[in-house]
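*Asks:* Below are the sequence and a predicted model; questions follow.
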Amino acid sequence: MQNIRAEVLLPTRDLQGDTAFFTDRLGFRMDEVFPADDPRVAVFSGYGLRLRLDRGLEAAPGVLRLLGDEPELIADGATTLDAPGGTRVEIAPLAPPVVMPPVEHAFVVRRLVDEAPWVVGRAGMQYRDLIPDRLGGSIIASHIRIPDGGPVPDMVHYHSVGFQLIFCIRGWVDLVYEDQGPPFRLHAGNCVIQPPEIRHRVLYASDNIEVIEIGVPAEHITTIDHQTPLPTGTFAPERLFDGQRFVHHEADKAEWLPARLPGFEARDTTIAANTGGVADVRVLRRAQGETGWTAHDADIHFSFVLKGGMRLAAKGHEARDLTAGDAFVIPPGLVTRVEAPSGDLELLEVALPGRVTTRIEG
């Protein structure tokens with residue numbers, strides 16, 4: 001079998017100084033050095049990296065990053081270092097903590113008829129952004145579709161997130177999750193949450209599958225896991241992933257109860273209970289009675305029109321007519337009302353945090 005290895009090549013203007021720096025200060029091991037009488041090249045190894053420093057290389061200085069569970073122990077707490085030969089060394093956490101940016105509250109309406117662009121994202125899926133400014137980076141809401149069904153070119157992966165929801169609005173998709181049993185089919189009207197760092201994979205999709213994906217914060221890391229096979233052969237529905245349980249909500253098993261909005265009823269996805277109040281996800285539909293003016297206290301409140309149509313009125317803003325495929329964000333304290341709701345109107349509501357107080361305004 002052929003022996004193949006990779007190395008990083010960097011210039012140095014002080015090979016002697018770099019030798020002491022990389023071995024004594026950073027803990028690398030020297031493996032090669034030549035020529036003996038006036039060394040020009042030295043090769044080091046450590047932390048899964050092979051590094052070649054060449055005094056004769058005409059190139060700009062490079063940047064080397066060292067990542068650790070306790071980065072403060074790598075170089076006496078330093079976060080940046082400059083090697084004698086010019087290499088910049090950055091020291092950072094191996095798994096950076098999820099940071100939730102402050103929410104920049106705004107009243108947002110995104111209509112499908114306005115033809116927001118679809119872009120090709122991960123695994124060939126098409127994405128439509130539902131909150132263009134992402135409320136200051138606090139949330140991303142995407143309308144995702146796969147026009148041609150079949151096997152999905154996905155790999156086992158996980159997301160470093162605070163909260164993530166997948167709600168199927170058309171078609172179906174086959175999924176598999178860590179410690180949640182064999183693969184299963186997510187049908188239209190059903191949803192799952194993907195707790196922080198749960199391993200999962202998209203396997204197969206129907207033609208014209210469409211889902212809504214919510215991620216908090218907007219920018220988060222997706223990591224490919226090359227070691228964990230799925231399914232794991234274990235069924236542990238009570239397992240906690242950073243305080244959250246996996247949820248597969250099935251619409252036909254849910255009970256409809258009075259909603260927070262007058263004139264509507266809702267089915268609870270149990271996501272608030274299973275995330276410890278991180279988020280609440282409900283589906284609302286038209287019921288008996290008049291609608292009314294209300295305001296809420298959620299930091300983030302996102303809605304997507306699943307079926308039917310309505311007019312969204314908001315104090316101080318122009319009323320907007322909405323139909324299936326449209327989305328809106330109502331900031332806390334803004335007084336709004338659903339007007340002229342069609343009989344088949346259904347809304348997906350996502351609120352963070354999950355304990356929402358609604359105030360009726362007259």
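*Replies:* Ah, there it is. Numbering: from 1, shown residues only.
*Asks:* ranges for the helices of the stretch 151-300 of the chain?
*Replies:* For the stretch 151-300 of the chain, the helices defined by DSSP state H, counting those that start in this stretch cover 271-274.
*Asks:* So which residues of it form strands?
*Replies:* All strands of the stretch 151-300 of the chain, identified by DSSP state E, counting those that start in this stretch, fall at 157-160, 163-170, 172-177, 184-187, 191-193, 200-205, 209-216, 221-224, 247-249, 256-258, 264-268, 280-286, 294-296, 300-307.
*Asks:* Export those as JSON lines, with columns for distance to Gln2 and mean pLDDT.
*Replies:* (Each C-beta comes from the backbone N, C-alpha and C, glycine too.) Converted to JSON lines, the strands of the stretch 151-300 of the chain look like this (distance: least, Cβ to Cβ, whole Å; pLDDT from 0 to 100):
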{"stretch": "strand 157-160", "distance to Gln2": "30", "mean pLDDT": "96"}
{"stretch": "strand 163-170", "distance to Gln2": "42", "mean pLDDT": "98"}
{"stretch": "strand 172-177", "distance to Gln2": "35", "mean pLDDT": "97"}
{"stretch": "strand 184-187", "distance to Gln2": "42", "mean pLDDT": "98"}
{"stretch": "strand 191-193", "distance to Gln2": "44", "mean pLDDT": "98"}
{"stretch": "strand 200-205", "distance to Gln2": "31", "mean pLDDT": "95"}
{"stretch": "strand 209-216", "distance to Gln2": "42", "mean pLDDT": "96"}
{"stretch": "strand 221-224", "distance to Gln2": "25", "mean pLDDT": "93"}
{"stretch": "strand 247-249", "distance to Gln2": "46", "mean pLDDT": "98"}
{"stretch": "strand 256-258", "distance to Gln2": "64", "mean pLDDT": "95"}
{"stretch": "strand 264-268", "distance to Gln2": "59", "mean pLDDT": "97"}
{"stretch": "strand 280-286", "distance to Gln2": "52", "mean pLDDT": "97"}
{"stretch": "strand 294-296", "distance to Gln2": "63", "mean pLDDT": "97"}
{"stretch": "strand 300-307", "distance to Gln2": "53", "mean pLDDT": "98"}
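*Asks:* Leu64 is nearest to which of these?
*Replies:* Among these, strand 221-224 comes nearest to Leu64, with 20.1 Å by Cβ to Cβ.
*Asks:* what domains does the record give for this structure?
*Replies:* Domain assignment for the chain, taken from automatic domain parsing, gives 8-90, 108-248, 253-360.
*Asks:* For Val98, which of those is the nearest?
*Replies:* Val98 sits nearest to domain 108-248 of all the domains of the chain, at 5.2 Å, using Cβ to Cβ.
*Asks:* ok so, going back, return the most buried member of the strands of the stretch 151-300 of the chain.
*Replies:* strand 191-193 (a mean of 25; mean count of other Cβ atoms under 10 Å).
*Asks:* Give me the residue at the spatial middle of the chain.
*Replies:* By Cα atoms, centre = their mean, the mean C-alpha position of the chain lies nearest to Gly215, the distance being 4.2 Å.
*Asks:* So what sits opposite that one in the bridge?
*Replies:* Beta-bridge partners for Gly215, by DSSP bridges, are Ile140, Gln164.
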